[in-house]
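Undergrad: Fold the following and give me the result.
(3 chains)
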Amino acid sequence: MSAADRERLFLENAAIAAAGTHAVSGAGELLAALRRVVATGSPVYCPGVTELEKAAAALFPVRAADYAAAAVTVEEVFGAVAETGTLVCSSEGGRAVQAGLLPSHHVAIVRRERIFETLDDLFAAVAGAPPTNLTLVTGPSRTADIELTLAIGVHGPERLDIIVA
Amino acid sequence: MPSCHGRGWDGVGTGRNPFLFDACIDGADMDIAEQDVQTTISVTDRAYAHDYDKVVLRGTSPQRDARDDIRKHPMGVQAAMQVLLFGTCLVDTFFPESGEATVRLLRRFGAEPVFPKGQTCCGQPAFNAGYEAAARVAAEHFLWEFDGDAPIVTPSGSCAAMVKHHYPWLFRDDPKRLAKAKRAGERIYELTQYLVHVAKAHEAGLRGKGTVTYHSSCHLTRSLGVREEPLMLLSSLQGATFVPMPDAARCCGFGGTFMAKLPEISCALADEKAASIEATGADTVTGCDSGCLMNIADAMRRRGTKIRVVHIAQLLAEGL
Amino acid sequence: MSHEQTSLAFRENSVRALEDSALRAAMKQAADTFGTKRADAFAPVPDLEALRDRASAIREEVLANLPMYVDRFAAAATRSGAVVHRANDAAAAREIIRKVLADRGARLIVKGKSMVSEEVDLNSHLEAAGMEVVETDLGEYIIQMEGETPSHIIVPAIHKNRQQVGRLFADRLGVPYSDDPQVLTKIARKALREKFLSADAGISGANFAAADTGSLVLFTNEGNGRMVTTVPPLHVAILSIEKMLPSLTDLPAFIRLLPRSATGQPITSYVSVVTGPRKAGDATGAKELHIVLLDNGRTEINAGESRDILKCIRCGACMNVCPVYRTVGGHAYGWTYPGPMGLILTTLLTGMAKSHPLVDASTVCGACVEVCPVRVPLVDLILELRRRKVREGFSDPKEKRGMALFGKAAAKPALFALGQRLAGGFWPLVRAFGGKDVAGRMPAPSRTPLRRRLP
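TA: All right, here's what the predicted structure looks like:
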């Protein structure tokens, strides 16, 4: 499967799982996408560690000190899986995976070169030495515990936006 | 108009539709039965002496000699393929009309059905309830009565499945009977399997009337894998409309001894099944297993529904 | 609250359930929904049968070498920094967990859904020790509030309708009444968020455990599993030993099968892989991770004829299609696990003496076998338990006598024919004297059975 097909499949499947999806090239487009999805004035948590995170952080001059106080987390994640439209969040490198869990809105940036085609590809890459926490995230949190009626936004984020950069 | 009770000769047609406890078969069915009586001629045909010798050599009961009575077949005896008819204990005891209908169908399509008189039960009630030894006794007797190479035809999916799938396990420690069991499993056909794959009855332009729906019994479909054959036969009926049932594959709640052990749940499931049937608007519901049909008919009776419940053998035989 | 096993009263339980119209409506809706969802979810999956074969083979490989995989897991988990405990039975598991929590002064515990914790009756033991245990899975939260046990292993509150939940929340949480699931979910989110953030410890189960790396795998949708395993400083995980997989590379097959089988989703919102507690340089993870490996009879089951039930991955597909479960719900089975896999596992774990009516709670229709993602031979296992029930002397004496008679009649055609005549002749008597449950639902035997009509 070509990289372009992988990206297309990933975005399709992520959208089916009720994530907002955006594909961008370059810092300009990234910032434009962020402006679209993040409500101005909301307390944003952005680790500001990776290049893309640093670029994103420029948009948010006033940031939440930690994710527990934030309404939105904007961060770059480890990778993604096209087969299921899934984000891969890893605790490697001192990442706080719960930053994408506690706030009600999670904006995840993923590099297109980090999109795995299948779950097998992902686990082949990480199974040898898994990090303390590896979480596959597909869409916002949900439940159907009451009368099997789908309700989006339970304990985890109520809204997930994915930006492929 | 013949009465609804048995005739002098232990013959065909008490005129009782077993699935509507109070009704009688109408005159048309009795005409077919009359023909059968006329054509019952006791003839020993030389072409079958060979088989009779085999029967004598096995040393079976005196009742076996009744197999000397070979009916003259309209297509000529040489063309008729001998099949062994396993009626099943339910059909034999409660729904003999289905067994007779099976005989008529088999004859119409070139088979000469022989009914081993010593047959009893395939052993499924005991097997399903966990009584391995009793099941094995019944199975041994079945293998004895149905020995040989002729195909076995039975108007019951669950009984065919019992022979095919469970007999080898029952005789796992008995190599000789295990071989017989495997062979019996290869030879046995549920009726619609035979009618479609051997007799091509779905291409024969059988007649039908009214609106018919179909209940697919659990062992027939899941154990034996018979899903298409009954549908092919029913949709081939000229003059009848076939309407599929919602949730046709859902268990009707019979489950053999289940209906005795947990009758409340059994009735609840039968009621649900009856509701599905009623929702089709059909005037007739059919199926391949008498246990299911009996359970469904009971639900109909409790609900006061007047839909006819009939075994597929009878339904198809009426269209001959 | 401790819950006594009531499996011996299965028939009475089911009669009560049949009279509960709210329950019946809920179960009917569930059955209809699950049927469609599962079918829709698997429709686009290429070569489902090969996938099931692969998953079945992986599970069989684990069971064939279970002690080795358990040891391997324990060693790897220990290397990753977790403390591994082996609990031989329910009492041991309860006590190990109580002590771990008590030693650290834990008072408020948040809990993710774990069937095994229900099996060992963990909550009541911890509550008796003065701890507050808060179930965080929405379904479990609801039934904990009601003081009930789960009625389904995936959707524990499936027997409750929205009005019942609305009234419950209004009563217990003092919120305005609403029966809108979206609103009720937000109420639960808010109520539980404070518990997550102030809890001393989190208890979770695990859907799988990867032996190579000592990793725990959790499939969740709500996010509570992630909360419970990463937010409080202490994480205690309890799982039964048959949950092993050889390696994380075996996980994809189960990711493809379990969510689809359980809820009709292609994947759950979250699949968490936890390997050890927080290490130097980590910003994620509990500071301490304790893993309790529960046996509670599984080694013995694995050595016997019913070992294949241990292949079960707790997806719930079998109960979703079971005609009996669908009609009477999970509580009728009287213990932790309901439906086809449940009646088998309950009988094996709690013993025939406490469970024997359950083995009859099946029409052996085979619908479960059709949907089991790992090909557990459920019908064969049920029939095997029925044979055991007979051998061990738990069958009804009348039935035993009847079957002995059946055996005789089956091999003696003359006796069989006589039986037909007697039943036919005395049918009203048969019906009148106690056969009404059966005989009342059957037509009278024919006056001329088939064998007398054919030459």
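
Undergrad: So which residue is smack in the middle of chain A?
TA: Central residue check for chain A by Cα atoms, centre = their mean: the C-alpha nearest the mean position is that of A:Ala108, 2.5 Å away.

Undergrad: What residue spans form the domains of chain C?
TA: In the domain annotation for chain C, the residue ranges read C:45-299, C:398-453 (automatic domain parsing).

Undergrad: Reformat those domains as a markdown table; add mean pLDDT.
TA: As requested, those are arranged in a markdown table below (pLDDT from 0 to 100):
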| stretch | mean pLDDT |
| --- | --- |
| domain C:45-299 | 96 |
| domain C:398-453 | 82 |
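
Undergrad: and the residue in chain A that chain B sits nearest to, how many neighbours?
TA: Residue nearest to chain B within chain A: A:Leu148 (17.9 Å; Cβ to the nearest Cβ). The way it works is simple: take the backbone N, C-alpha and C, and place the C-beta from them, glycine included. Neighbour count for A:Leu148, taken as other Cβ atoms under 10 Å in any protein chain shown: 19.

Undergrad: Look up how far C:Ile158 lies from the residue nearest to it when sequence neighbours are not counted.
TA: Here the nearest residue to A:Leu148 in space, its sequence neighbours aside, is C:Thr33; by Cβ to Cβ, 6 or more residues apart in numbering or on different chains that works out to 4.9 Å. Note on C:Thr33: its distance to C:Ile158, by Cβ to Cβ, to the nearest Å, is 10 Å.

Undergrad: What is the host helix or strand of the residue nearest to A:Leu148 packed up against?
TA: Element membership for C:Thr33, per DSSP states H and E: helix C:21-42. Here helix C:21-42 touches helix C:10-18, helix C:251-263, helix C:317-321, helix C:323-328, going by 3 or more Cβ pairs under 8 Å, 6 or more residues apart in numbering or on different chains; DSSP states H and E.

Undergrad: Name the residues that touch it?
TA: If you take Cβ atoms under 8 Å, 6 or more residues apart in numbering or on different chains as the criterion, helix C:21-42 is touched by A:147-148, C:17-18, C:48, C:152, C:155, C:158-161, C:164, C:259-261, C:263-266, C:317, C:320-321, C:325-329, C:371.

Undergrad: So for that helix, mean pLDDT?
TA: Here helix C:21-42 scores 91 as its mean pLDDT.

Undergrad: could I have that helix exported to PDB, CA atoms only?
TA: Extracted as PDB, the C-alpha positions of helix C:21-42 are listed here (Å, rounded to 0.1, in the frame of the first residue of the first chain):
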ATOM      1  CA  SER C  21     -41.700  -7.200  31.500                       C
ATOM      2  CA  ALA C  22     -39.100  -4.500  31.800                       C
ATOM      3  CA  LEU C  23     -36.300  -7.000  31.800                       C
ATOM      4  CA  ARG C  24     -37.800  -8.900  28.800                       C
ATOM      5  CA  ALA C  25     -38.100  -5.800  26.800                       C
ATOM      6  CA  ALA C  26     -34.500  -4.800  27.600                       C
ATOM      7  CA  MET C  27     -33.200  -8.300  26.700                       C
ATOM      8  CA  LYS C  28     -35.200  -8.300  23.500                       C
ATOM      9  CA  GLN C  29     -33.800  -5.000  22.400                       C
ATOM     10  CA  ALA C  30     -30.300  -6.100  23.300                       C
ATOM     11  CA  ALA C  31     -30.600  -9.300  21.300                       C
ATOM     12  CA  ASP C  32     -31.900  -7.500  18.300                       C
ATOM     13  CA  THR C  33     -29.200  -4.900  18.500                       C
ATOM     14  CA  PHE C  34     -26.300  -7.200  19.100                       C
ATOM     15  CA  GLY C  35     -27.300  -9.500  16.300                       C
ATOM     16  CA  THR C  36     -27.300  -6.800  13.700                       C
ATOM     17  CA  LYS C  37     -24.200  -5.000  15.000                       C
ATOM     18  CA  ARG C  38     -22.000  -8.100  15.100                       C
ATOM     19  CA  ALA C  39     -23.100  -9.200  11.600                       C
ATOM     20  CA  ASP C  40     -22.500  -5.700  10.200                       C
ATOM     21  CA  ALA C  41     -19.100  -5.500  11.900                       C
ATOM     22  CA  PHE C  42     -17.800  -8.700  10.500                       C
END
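
Undergrad: C-terminal to it, what's the next element?
TA: Per DSSP H and E, helix C:21-42 leads on to helix C:48-64 as the next helix or strand towards the C-terminus.

Undergrad: Buried ones in stretch B:235-255, by neighbour count?
TA: If you call a residue buried by 16 or more other Cβ atoms under 10 Å in any protein chain shown, then stretch B:235-255 has these buried ones: B:236-237, B:240-243, B:245, B:247-255.

Undergrad: Please see if that stretch touches chain C.
TA: Yes: with Cβ under 8 Å from any Cβ of the partner chain as the criterion, chain C is reached by stretch B:235-255 at B:Ala249, B:Arg250, B:Cys251, B:Gly253, B:Phe254, B:Gly255.

Undergrad: Nearest to chain C among those?
TA: Closest approach between those and chain C, by Cβ to the nearest Cβ: B:Gly255, at 2.9 Å.

Undergrad: Could you pull up the contacting residues of the closest residue to the closest one other than its chain neighbours?
TA: Here the nearest residue to B:Gly255 in space, its sequence neighbours aside, is C:Thr363; by Cβ to Cβ, 6+ apart that works out to 2.9 Å. For C:Thr363, the residues meeting the contact criterion (Cβ under 8 Å, 6+ apart) are B:Cys218, B:Cys251, B:Gly253, B:Phe254, B:Gly255, B:Gly256, B:Phe258, B:Ser266, B:Leu269, C:Pro323, C:Val324.

Undergrad: Out of these, which one has the weakest pLDDT?
TA: When the contacts of C:Thr363 are compared on pLDDT, B:Gly256 comes out least confident, at 88.

Undergrad: and it, what are its phi and psi?
TA: For B:Gly256, the backbone dihedrals are phi 60, psi -120 (criterion: degrees, to the nearest 10).

Undergrad: wait, it sits on B:Gly123?
TA: No: B:Gly256 sits out of contact with B:Gly123 when judged by Cβ atoms under 8 Å, with a separation of 11.3 Å.

Undergrad: Comparing these two, which residue is more hemmed in?
TA: B:Gly123 (30 against 18).

Undergrad: Quick check: the gap between the more buried one and chain A.
TA: To chain A, B:Gly123 is 42 Å away according to Cβ to the nearest Cβ, to the nearest Å.

Undergrad: didn't that residue look like it was pressed against B:Met162?
TA: Yes: B:Gly123 sits in contact with B:Met162 when judged by Cβ under 8 Å, with a separation of 6.7 Å.

Undergrad: how many other residues sit next to A:Ala39?
TA: Using other Cβ under 10 Å, A:Ala39 has 10 neighbouring residues.
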